[in-house]
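**Q** how does the following fold in three dimensions:
(chains A, B, C, D, E, F, G, H, I and J)
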10 protein chains.
Amino acid sequence: MLRYTLIHRPTLSALASLGHGSRVLVADGNYPFATAMHPRAELVHLNWRPGVLDVDEVLTTLLDAVPFEAATVMTAPPDAPVTAHDGYQRILGPDVPFGSLDRFAFYDAVRAPETGLVIATGDQRSHANLLLEVGFVATA
Amino acid sequence: MLRYTLIHRPTLSALASLGHGSRVLVADGNYPFATAMHPRAELVHLNWRPGVLDVDEVLTTLLDAVPFEAATVMTAPPDAPVTAHDGYQRILGPDVPFGSLDRFAFYDAVRAPETGLVIATGDQRSHANLLLEVGFVATA
Amino acid sequence: MLRYTLIHRPTLSALASLGHGSRVLVADGNYPFATAMHPRAELVHLNWRPGVLDVDEVLTTLLDAVPFEAATVMTAPPDAPVTAHDGYQRILGPDVPFGSLDRFAFYDAVRAPETGLVIATGDQRSHANLLLEVGFVATA
Amino acid sequence: MLRYTLIHRPTLSALASLGHGSRVLVADGNYPFATAMHPRAELVHLNWRPGVLDVDEVLTTLLDAVPFEAATVMTAPPDAPVTAHDGYQRILGPDVPFGSLDRFAFYDAVRAPETGLVIATGDQRSHANLLLEVGFVATA
Amino acid sequence: MLRYTLIHRPTLSALASLGHGSRVLVADGNYPFATAMHPRAELVHLNWRPGVLDVDEVLTTLLDAVPFEAATVMTAPPDAPVTAHDGYQRILGPDVPFGSLDRFAFYDAVRAPETGLVIATGDQRSHANLLLEVGFVATA
Amino acid sequence: MLRYTLIHRPTLSALASLGHGSRVLVADGNYPFATAMHPRAELVHLNWRPGVLDVDEVLTTLLDAVPFEAATVMTAPPDAPVTAHDGYQRILGPDVPFGSLDRFAFYDAVRAPETGLVIATGDQRSHANLLLEVGFVATA
Amino acid sequence: MLRYTLIHRPTLSALASLGHGSRVLVADGNYPFATAMHPRAELVHLNWRPGVLDVDEVLTTLLDAVPFEAATVMTAPPDAPVTAHDGYQRILGPDVPFGSLDRFAFYDAVRAPETGLVIATGDQRSHANLLLEVGFVATA
Amino acid sequence: MLRYTLIHRPTLSALASLGHGSRVLVADGNYPFATAMHPRAELVHLNWRPGVLDVDEVLTTLLDAVPFEAATVMTAPPDAPVTAHDGYQRILGPDVPFGSLDRFAFYDAVRAPETGLVIATGDQRSHANLLLEVGFVATA
Amino acid sequence: MLRYTLIHRPTLSALASLGHGSRVLVADGNYPFATAMHPRAELVHLNWRPGVLDVDEVLTTLLDAVPFEAATVMTAPPDAPVTAHDGYQRILGPDVPFGSLDRFAFYDAVRAPETGLVIATGDQRSHANLLLEVGFVATA
Amino acid sequence: MLRYTLIHRPTLSALASLGHGSRVLVADGNYPFATAMHPRAELVHLNWRPGVLDVDEVLTTLLDAVPFEAATVMTAPPDAPVTAHDGYQRILGPDVPFGSLDRFAFYDAVRAPETGLVIATGDQRSHANLLLEVGFVATA
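**A** Predicted coordinates for the structure are as follows:
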């Protein structure tokens, strides 16, 4: 067993080939994983059952392994703010800029060659997808 | 043996990587499966013999596993309504919108990157192809 | 669409590499497919849903494509004759010798190198597995 | 051994994934198989030695397995009618329309995504290539 | 998103090829997954971080998908009963017989050809491995 | 198109990795190809339709490409000499020793690691299999 | 050992899938093999050590196996005629037309889909690359 | 163990298929390896831990194996010259021309088909990526 | 770039599938990697050039990622103690038991199914191989 | 182009995973390559045409890349000493011990797991096979 916080082979493997500017999608359970991603990205299934794992759990552990410098969510419906988004911002902290894209623009962003990893979660909340951009690890 | 209604490994596998907006083709026996589909879609052969399985059987079982929010058929000839289409609408229910496309426009729709699964049936009826769009599973 | 009765690509492919003395298992839905077969045999999933396809349907169509010269079933419990077996004998006809093996001896027979094809069905009947031996096609 | 007339595994496999409108090339021995075909088509080598198999033999057996509804040949040189073409028309019968394309337009037609199968023969005759379009199998 | 409780593609795929008598290992985080399993079993990584997922979570969801008829754990040290084992028995119910094997005999049982699936969890408890035997799904 | 007599890619490829003492099976149409061969041998399908190609055709062309120094057939039934065998001896010439083995001993010989190539023909004659041993090509 | 002059498995295999109009590159040792070829061409390494094999040796043996009907070299520098080119013309004979292309146009010609085979040699001479076009083998 | 200075299998393999004009990226540890490279380039991981290996070590050993005739770095920020770049120039010598490209133009250069090898290092310095162009090895 | 000390994709991937009792070989540069290891172990090349990386560097970084509970070296020659071994003991600490095996017994230990990872280093010292046994990570 | 003497990708790749005690077969043109080697050894085809390359050429270049510490040939016939063997000894030098094995014992030695590389040459001389054992590269 690895002594690190992230011990998941498929996720570690994919992250180890990414870097500054690569995109990672933490997708909710209803995301069309295989049909709305870049074909050479790696697809990791962490959608065990509805609700498990959720995006917050995945995000928190990813942050132990890699930094993120930007985040994008699906634009919330006009009269229905998505509380999940607030949670993501709290976990990422105030320094990470947050953007949003409409459903089909969001799909296009995940289909771009910058996307290297798509993690399927079982998150049941609507509009819960989170597209992250990997940051820079400076000299210790 | 799985305790679910859909127990078919190739179909379960493919569906588990799809989501809201992904397309599933349930093709009749004369459909040009390999040459009129998206190259990264998964092709499942359930065409055992002429007539078995038919599209209705496949559709009914698929509905146990995933919701569909839209359906498209091949446009029926002017003076020859396709009775199979009525059956599909009964199975899907009144809330699922139904569209139709000419033969070659239909092929193009199946060749789009949204298509993630093509199921070959042995259905012998003419114009019996059915292109489905996966819906959204809300929190239980 | 093929003009033959058997039109199923994975099954046709596997049968076309078999011959006199090769074994084909038509397994019921509870058979441990992947763990009780020869590792180089081809595994075909026709278990769509519980009950569909059943062993009789598969056997009948296979007979259109290849002859069988022997059959083996799992030994029925002492006081519970398996009616499925009678059906198989009717379909195969009186000239095909029928044998039976206990559960674990049956598994061993399917694990032997003679087995080239395992077809998973959705047959829900107990003891419904059928191990067939391919016969000889004489000059027309 | 299969009880059908076409017993060739690679060809049966490829045909079983094709359908109405898919193209099958029966190529003569000098055709540039690998460099003038669609990259996802299946390439089957039946070119055993010069002259064996020839296109007529392949065509005749294919017709037992699938119907064809159109055929295209390479345009014959102005003053050198290709007798092979007459033979193909006799085998296909008067109801199958025949067209012809110049050498490079013919290559382009084989490179289109409709092409699902290329069969290399050993036919030594010049301009002996035959591009076929799969027809429709109606209910028996 | 699948409408079932178990929605995890790699696990659904592996289970769909297993049956009566196949073995499934739900391994704790320190189990030597790759070096103490049957080489043809499928290895699924659900060890996201230490403690997540745990064996109880995995077992509970597996039970929704397949029945188990027997269970084996690693023998607890003489003076240190393993409380995890009591939890497993509660989840499986009183009808499932429970056995135990020493560490190296346990490894041998997982290396046997009956094992078709090994699920890596992040469970941090000592002696928390659970080897299950798939049961029989009777006619509904 | 190659200028040689043997122009068949899969056969040329396999033969080019064999040598003195390697075995090549030219199998009749009823031979259990996939289940009675060495697993690392290459399997080539030249069984186009019943009767085509036959073993004599395959043998004659093979001889253009490689020498053979020994041959083995299946032992003929006591009162039914196999005329095919006489034909093979005529083609191979008087210097090649001929042996015979009973059906199951013959299968064992083809399952040995010396076997590097199995060619499936459509030969319909009974006991028509021919196991050849590659000879030595001396300096020109 | 094959009785032919060309006995090299990878080259025989590739040539056997080519034909009239396919391109074969015999590259000198400094050619950027993997980055300036068509991605579906087959890459064969015959560059054993500097100078061995050279392009003349490869060309001479290829001619035993296939005819060529045209050749292209890299344009020689204005004041430095490439003597290797004269050698190629002598080997190919006066009937094969010779053309030349600048370095980057030459790369583009090798990147075209007509290219089916790239043979890396160890030829150390500058501008020694030779792009060949396969000819037609007429009836014997 | 090889007697050469470069003994690393994946790097030797990739270099042996490259040549004059092919590009090799020696990437620093933060480079987005998998998402900013040509998809057919080979990706080699030499990023063992932060700082090991560094770009200088990799460059020095590469030079023993292949010559380089040009180099490109990422443009340094206006007021922060990158001392790593001076080191690269010293190692490569005064005859190798040096260029620079902005971050996204640099990514585009690595995504071009000329790139055949990407080596991931653990170099922690900012802007430390080095894109090399393979030179020409003249006759000894 | 991962925030961990071990950032090497192939090594992280392999370790993430190992556990208590799995063996990891850190091999010196002269070890016969491919011919003296278990065929299902993963082989990682960190032998960049002679001397780089060495076993100490690899061992130190591995220890950040996984614990080891036992170590085995090749028995030193009678009159030539291997100073490398003392270094390994210092790095591993006094609690890790050390054993030694003769050359061929050592090879056998690496060929056993417990071995899941072989890391090739460039260490030039004689008898410098180090076979490690993964330990147990207790609850934090 | 690599600056080394051995520039052949498949051979460099294979050698880079071998080491002290691994076996390399340089086979003459009649050796049964695929059927008398260890299944996990790598098979390299350098048999371009009869006589080219020969064993001496291959041996000489291999020696630039790796040391050998022992050699084995096929036992020469009683009254026909094999002059090729004397040449091998001259190339290897007086310090490399030479052994010989009968034909079938020689095959068994090549089938052992120590064999990691088999190089097919076109050498036409009888009994010209040469089995080498890789030596030890000491610190420079």
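
**Q** pLDDT (mean, whole number) over stretch A:49-65?
**A** Averaged over stretch A:49-65, pLDDT sits at 98.

**Q** in chain A, where is pLDDT below threshold?
**A** Under the criterion pLDDT under 70, the flagged ranges of chain A are A:140.

**Q** just the closest residue of it to chain G, please.
**A** Closest approach between chain A and chain G, counting by CB to the nearest CB: A:Arg40, at 14.3 Å. Backbone N, C-alpha and C define where each C-beta goes, glycine included.

**Q** next up, phi/psi of that residue, please.
**A** phi -100, psi 0 (degrees, to the nearest 10).

**Q** distance of the residue nearest to it when sequence neighbours are not counted relative to D:Ala34?
**A** Excluding the flanking residues, the one nearest A:Arg40 by CB to CB, 6 or more residues apart in numbering or on different chains is H:Pro39, at 6.0 Å. Per CB to CB, to the nearest Å, H:Pro39 is found 21 Å from D:Ala34.

**Q** what count of nearby residues applies to A:Gly29?
**A** 29 (other CB atoms under 10 Å in any protein chain shown).

**Q** show me what contacts it?
**A** By CB atoms under 8 Å, 6 or more residues apart in numbering or on different chains, the contact list for A:Gly29 reads A:Asn47, A:Pro50, A:Ala120, A:Thr121, A:Gly122, A:Asp123, A:Gln124, B:Gly19, B:Val137, E:Met1, E:Ile7.

**Q** same check, this time on A:Ala70
**A** Contacts for A:Ala70 (CB under 8 Å, 6+ apart) come out as A:Val96, A:Pro97, A:Phe98, A:Gly99, A:Leu132, A:Glu133.

**Q** which of those lies closest to J:Arg111?
**A** Distance to J:Arg111, by CB to CB, is smallest for A:Leu132 among the contacts of A:Ala70, at 52.2 Å.

**Q** over to that closest one. Which of the three states is it?
**A** Here A:Leu132 takes the strand state, with states given by DSSP: H, G, I helix; E, B strand; the rest coil.

**Q** just confirm it contacts A:Ala71, I think it does.
**A** Yes: the pair A:Leu132 and A:Ala71 passes the contact test of CB atoms under 8 Å, sitting 5.5 Å apart.

**Q** show me which of these two is the more surrounded one.
**A** Neighbour count, other CB under 10 Å: between A:Leu132 and A:Ala71, A:Leu132 has more, with 25 against 21.

**Q** from chain F, how far out is that one?
**A** Noted for A:Leu132: a distance of 46 Å to chain F, by CB to the nearest CB, to the nearest Å.

**Q** what separation do you get for the residue nearest to the spatial centre of chain A and I:Pro77?
**A** Geometric centre of chain A, nearest residue: A:Val26, 2.7 Å, by CA atoms, centre = their mean. Here A:Val26 is placed at a distance of 56 Å from I:Pro77 (CB to CB).

**Q** quick revisit: need the three-state assignment for the residue nearest to the centre of chain A.
**A** Quick answer, by three-state DSSP: A:Val26 is strand.

**Q** so which residues on chain A come close to chain H?
**A** By CB under 8 Å from any CB of the partner chain, the part of chain A that sits against chain H consists of A:14, A:16-23, A:40, A:113-116, A:134, A:136-140.

**Q** now check the host helix or strand of A:Leu117, is it near chain I?
**A** Taking DSSP states H and E as the definition, A:Leu117 sits inside strand A:115-120. No: judged by CB under 8 Å from any CB, strand A:115-120 and chain I are separated, with a smallest distance of 12.2 Å.

**Q** show me where chain A has its helices.
**A** In chain A, helices defined by DSSP state H lie at A:9-15, A:55-65, A:83-92, A:103-111, listed in chain order.

**Q** what's the closest of those helices to chain F?
**A** Judged by CB to the nearest CB, the one of those that comes nearest to chain F is helix A:9-15, at 29.8 Å.

**Q** any buried residues in that closest one, and which?
**A** Under the neighbour-count criterion of 16 or more other CB atoms under 10 Å in any protein chain shown, helix A:9-15 has A:Arg9, A:Pro10, A:Thr11, A:Leu12, A:Ser13, A:Ala14, A:Leu15 buried.

**Q** what's the closest of the residues you listed to I:Leu92?
**A** Among these, and counting by CB to CB, the member closest to I:Leu92 is A:Leu12, at 24.3 Å.

**Q** pretty sure the closest one contacts I:Leu12?
**A** Yes: using CB under 8 Å, A:Leu12 is in contact with I:Leu12, at 4.9 Å.

**Q** coming back round to it: direction included, what does the strand holding A:Leu117 pair against?
**A** Next to strand A:115-120 in the sheet, as set by DSSP bridges, lie strand A:23-27 (parallel), strand A:42-45 (parallel).

**Q** got the contact list for it?
**A** The set of residues external to strand A:115-120 that reach it, using CB under 8 Å, 6+ apart, is A:11, A:14-15, A:17-18, A:22-27, A:29, A:31, A:33, A:37-38, A:40-47, A:58, A:109-110, B:17, H:32, H:34-35.

**Q** go with 6 Å
**A** The contact list for strand A:115-120, computed with CB atoms under 6 Å, 6 or more residues apart in numbering or on different chains, reads A:14, A:18, A:22-27, A:33, A:37-38, A:41-47, A:58, H:34-35.

**Q** top of the contacts of A:Ala70 by neighbour count?
**A** That'd be A:Leu132 among these, by other CB under 10 Å, with 25 neighbours.

**Q** now do it against I:Leu130, distance only.
**A** Separation of A:Leu132 from I:Leu130 (CB to CB) stands at 39 Å.

**Q** with A:Val55 instead?
**A** In terms of CB to CB, A:Val55 sits 42 Å off from I:Leu130.

**Q** looking at the two, which is more packed in?
**A** More crowded of A:Val55 and I:Leu130, by other CB under 10 Å: I:Leu130, with 30 against 24.

**Q** please name the nearest non-neighbouring residue to the more buried one.
**A** Nearest one to I:Leu130, counting by CB to CB, 6+ apart, is I:Val26 at 4.6 Å.

**Q** again, but for A:Gln89
**A** Excluding the flanking residues, the one nearest A:Gln89 by CB to CB, 6+ apart is A:Phe98, at 5.9 Å.

**Q** hang on, the one you found packs against A:Glu69?
**A** No: A:Phe98 lies out of contact with A:Glu69 (CB atoms under 6 Å); the separation is 11.5 Å.

**Q** rewinding a little: out of the contacts of A:Ala70, who's nearest chain B?
**A** Closest approach to chain B among the contacts of A:Ala70 (CB to the nearest CB): A:Leu132, at 18.9 Å.

**Q** I figured the closest one hits A:Phe68, correct?
**A** Yes: using CB under 6 Å, A:Leu132 is in contact with A:Phe68, at 4.5 Å.

**Q** show me what from chain A comes close to chain E.
**A** Contact residues, chain A versus chain E (CB under 6 Å from any CB of the partner chain): A:Met1, A:Thr5, A:Ile7, A:His8, A:Arg9, A:Gly29, A:Asn30, A:His45, A:Asn47, A:Trp48, A:Arg49, A:Thr61.

**Q** let's see 10 Å
**A** Within chain A, the residues that sit near chain E (CB under 10 Å from any CB of the partner chain) are A:1-12, A:28-34, A:43-50, A:52-53, A:57-58, A:60-61, A:64-65, A:119-120, A:122-124.

**Q** what bridges to the closest residue to A:Ala41 other than its chain neighbours?
**A** Leaving aside its sequence neighbours, A:Ala41 sits nearest to A:Thr115 (CB to CB, 6+ apart; 4.8 Å). Applying DSSP bridges to A:Thr115 yields these beta-bridge partners: A:Arg23.

**Q** what is the burial count for A:Thr115?
**A** Residues lying near A:Thr115 (other CB under 10 Å) number 22.
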